[in-house]
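Asks: Provided below are the primary sequence and the corresponding predicted coordinates.
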Amino acid sequence: RPGKEPRDVEVMLAHPTGIVEVYVGEVVFHKVELRTDVVARTETAKQVTALHRLYGLVEGDLAYAIDLAAVGERLQPHLSARLTKV
C-alpha cells in the first residue's frame, strides 16, 4: 500500500512457516527496496529478526536479492535471482 510520500510503500507478507514480515520501503523508477519494520513469528517458527528485499528491472529481466538475519546471525545474502521472460 502507499506510504506517506508518493514513492513510499508498506508491505506485509505472511508465510505458512509462521513468520509475518512488515516492510517499509520505496519505489524509485524500476527499483523497489524494502526493509523490515517488524518481524513476528510463532513459537515454532525459525528465529528470523530482519530482512531486506531489493527488486528491479535489469535489461528487461526481473532481478531480486533477499538478505536475511536469523538464528543469531547478522543480515547477510540469502537468495538472489534474475528472471528472464521466455
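Replies: Yep, it's here.
Asks: which residue ranges of this structure form helices?
Replies: Chain-ordered helices for the chain, with DSSP state H as the definition, do not occur.
Asks: and the gap between the nearest residue to A40 once chain neighbours are set aside and L68?
Replies: If the residues on either side of it in the chain are set aside, A40 comes closest to V20, at 4.5 Å by CB to CB, 6 or more residues apart in numbering. To be clear about C-beta, it is placed using only N, CA and C from the backbone, and glycine gets the same treatment. Taking CB to CB, to the nearest Å as the measure, V20 and L68 are separated by 15 Å.
Asks: what's the answer for V39, then?
Replies: The spacing between V39 and L68, counted by CB to CB, is 10 Å.
Asks: contacting residues for the residue positioned nearest the centre of the chain?
Replies: Using CA atoms, centre = their mean, the residue of the chain that lies closest to the mean C-alpha position is R53, 3.2 Å off. Remark: with contacts taken as CB atoms under 8 Å, 6 or more residues apart in numbering, R53 is in contact with Y23, G25, V32, E33, L34, R35, Y64, A65, I66, D67.
Asks: just want to know which of V20 and L68 has more residues nearby.
Replies: Here V20 and L68 are compared on neighbour count by other CB atoms under 10 Å; more neighbours surround L68, at 20 against 15.
Asks: shared neighbours of V39 and L68, which are they?
Replies: The contact sets of V39 and L68 overlap at V48, A50, L51 (CB under 8 Å, 6+ apart).
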